[in-house]
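A.B. asks: Sequence and predicted model, in that order:
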Amino acid sequence: MKKYAGFFLMAVLGGLISLGGYTFLEKKNEKTLGIPQQSTPVQLAGMSGLTPGYPDFIEPANISIHAVVHIKTEYSRKNNMYDNFFNFHEFFGDSPYSQQGPLQGAGSGVIISPDGYIVTNNHVVQDASKIEIVLNDKRSYEGTVIGTDASTDLAVVKIKESNLPFLTYGNSDEVQIGEWVLAVGNPFNLTSTVTAGIVSAKARNINILGTPDGTSVESFIQTDAAVNRGNSGGALVNTHGELIGINAAIASGNGFYAGYSFAIPVNIVKKVVGDLIDYKEVQRAFLGVSIRDIDNKFADEQGMKELRGVYVSEVSDGSAAKEAGIQKGDVITSINKITVNSTSELLGQVSLYRPGETVAVVVSRDGSDKSFNVKLRNREGNTSLVKNEGKDITPMLGAKMKVASGDVLRKLGIDHGVQVTELTDGLLQNAGIREGYVITEIDKKPVRSVEDVNKILSNKSGGVLLEGVYPNKVRAYYGFGIN
């Protein structure tokens, strides 16, 4: 027994000697190499919390998903060419020839007020015969288009509800390149999807709108947040949960996300939405100048020492710029203290104002800066605002109409329509329409009320196509013109 105890004591003593020697050598090495003694922090693998310096996306995501809606649309089937162009069924996994019902599409929208105003892209709702708005909590509503603007690809839709969650506007002028952002929408019908990225660039012109009248405004925020089909009309938000843009497009060779997405800056959104709600039309303001970007070659040709600003190549007679004193050859460097270095930046800034409003324009002329107060004008050269009041078209039609009863709709196998109950001399009678005719569509737009008839035709000029059915189930089409 004593023998074993001796062995045990010798083993313990040897271990203590080894440990002491190792510690002595380690301290000596640290002193020799100049390595400060430090302890390594240890964390459990399941420990919660964010690494210091990284953004917290949880709060802005929770704020955003409840204010972003799923927009489902239907389009009247026209022909195979129409089907192939939109390709909605093929995109969602169905062949465009697999059914004879209406075409279907989908996108996103952002609630901007508790009483049901929603902003989305024009291309999401344009020409839709039916719009369904689905909230994040799965409640569903019929959406009514308040106004659209092709030049900015924006639209306002309204649902009848109150106390809705909504996003507050941020300030897109303050957005910085490299800033973290979230894209919220419904790609591929996957509701309430959140992706993250950074702002890659600002004031991008990708030549995607190209409106016929040349008034398109492209000054996109470029991000690398993943955006796909169905994200259109959804929210781009900052880490505070503020709306800074409406997602509109992706740069892709195959139609799917390939690294870059583009959003309409919220400052433009706020202006356009306000115009559509207040006036039913966008109040477009113009400086009255032709402009071009300045690159190194152009600067050398013009003898310019700096590559900054936007070059004024022409000034229109009678324009706001002409009256203020801006001249051909001036270089515009800022609008209301916001620096502009490209045509897209300049157009984006001017689009924030209405005719009649005054902006401070700084130009570089002959090596020195000059400031001008420019009172903006509309396309016609004055400062008037235009309000789309519409007009009562009913007397011109020469008809009394009412919403078709439920019995009539069931008998005819339709779900909406306005029935002609009495005819006098007017456009409908002259076109050959008889009493009892149920109008279901005008120019491929659904007619669910007499107000719809007036709304569609009040500002119409040119040919009109009516579609409908008689009580004997004979479907009939009529055309006439409005001068």
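C.D. replies: Received the coordinates, thanks.
A.B. asks: When you work out contacts or count neighbours from here on, use the C-alpha atoms and nothing else.
C.D. replies: OK.
A.B. asks: so how far is residue 188 from residue 198?
C.D. replies: Distance of residue 198 to residue 188, given as C-alpha to C-alpha, to the nearest Å: 22 Å.
A.B. asks: can you pull out the strands in the stretch 351-483 of the chain?
C.D. replies: Secondary structure of the stretch 351-483 of the chain (DSSP state E, counting those that start in this stretch): strands located at 358-365, 368-375, 399-403, 418-423, 438-442, 445-446, 462-469, 475-482.
A.B. asks: buried set for stretch 362-373?
C.D. replies: Of the residues in stretch 362-373, 362-364, 370-373 count as buried by neighbour count, 16 or more other C-alpha atoms under 10 Å.
A.B. asks: cool, and stretch 109-119?
C.D. replies: In terms of neighbour count (16+ other C-alpha under 10 Å), stretch 109-119 has its buried residues at 109-113, 115-119.
A.B. asks: what two of these are the furthest from one another?
C.D. replies: Greatest spacing in the buried residues of stretch 109-119, by C-alpha to C-alpha: 109 and 115 (14.7 Å).
A.B. asks: check contacts around the closest residue to residue 162 other than its chain neighbours.
C.D. replies: Sequence neighbours aside, residue 115 is the residue nearest to residue 162 in space, at 4.4 Å (criterion: C-alpha to C-alpha, 6 or more residues apart in numbering). Neighbouring residues of residue 115 by C-alpha atoms under 8 Å, 6 or more residues apart in numbering: 159-164.
A.B. asks: same check, this time on residue 432
C.D. replies: Residue 432 neighbours (C-alpha under 8 Å, 6+ apart): residue 478.
A.B. asks: Looking at the record's assignment, how would you partition this protein?
C.D. replies: As given by automatic domain parsing, the domain ranges for the chain are 60-158, 172-279, 289-375, 394-482.
A.B. asks: how about the ones you listed, which one is nearest residue 386?
C.D. replies: domain 172-279 (7.0 Å).
A.B. asks: and the closest one, what's its mean pLDDT?
C.D. replies: On average, the pLDDT along domain 172-279 is 88.
A.B. asks: So what's the gap between it and the chain middle?
C.D. replies: Remark: domain 172-279 is offset 6 Å from the chain centroid, using C-alpha atoms, centre = their mean, to the nearest Å.
A.B. asks: what's the span of it from first residue to last?
C.D. replies: Start to finish, the residues bounding domain 172-279 are 24 Å apart (C-alpha to C-alpha).
A.B. asks: Quick check: buried residues in stretch 243-258?
C.D. replies: Judged by neighbour count using 16+ other C-alpha under 10 Å, the buried positions of stretch 243-258 are 243-251, 257.
A.B. asks: just checking, which of the residues you listed belong to helices?
C.D. replies: Of those, none are assigned to helices by DSSP state H.
A.B. asks: of all these, which comes closest to residue 462?
C.D. replies: Distance to residue 462 across these (C-alpha to C-alpha) is lowest for residue 248, with 31.8 Å.
A.B. asks: ok, and the closest non-adjacent residue to the closest one?
C.D. replies: residue 232 (4.9 Å).
A.B. asks: now swap in residue 283 and tell me
C.D. replies: Distances taken as C-alpha to C-alpha, 6+ apart place residue 354 nearest to residue 283, at 5.5 Å, with adjacent residues excluded.
A.B. asks: got it, and residue 481?
C.D. replies: Spatially, and ignoring its direct neighbours in sequence, residue 481 is nearest to residue 463 (4.3 Å; C-alpha to C-alpha, 6+ apart).
A.B. asks: tell me the contacts of that neighbour?
C.D. replies: 479-482.
A.B. asks: Of these, which is the most crowded?
C.D. replies: Highest neighbour count within the contacts of residue 463: residue 479, with 16 neighbours (other C-alpha atoms under 10 Å).
A.B. asks: what's near enough to touch residue 299?
C.D. replies: Neighbours of residue 299 in contact, by C-alpha under 8 Å, 6+ apart: 305-307.
A.B. asks: Closest one of these to residue 68?
C.D. replies: residue 307 (41.1 Å).
A.B. asks: looking at this, that closest one is in a strand?
C.D. replies: No: read with DSSP: H, G, I helix; E, B strand; the rest coil, residue 307 is coil and lies in no strand.
A.B. asks: Which stretches in the stretch 51-200 of the chain count as helices?
C.D. replies: All helices of the stretch 51-200 of the chain, identified by DSSP state H, counting those that start in this stretch, fall at 58-65, 80-86, 88-91, 122-125.
A.B. asks: Contacts for the first one, please.
C.D. replies: Looking back up the chat, that one is helix 58-65. Identification of contacts with helix 58-65 by C-alpha under 8 Å, 6+ apart yields 136, 167, 182, 184-185, 192-194, 235, 237-242.
A.B. asks: buried set for that helix?
C.D. replies: For helix 58-65, burial by neighbour count (16+ other C-alpha under 10 Å) applies to 60-61, 63-65.
A.B. asks: That one: how far from the chain's middle?
C.D. replies: Distance of helix 58-65 from its chain centroid, counting by C-alpha atoms, centre = their mean, is 18 Å.
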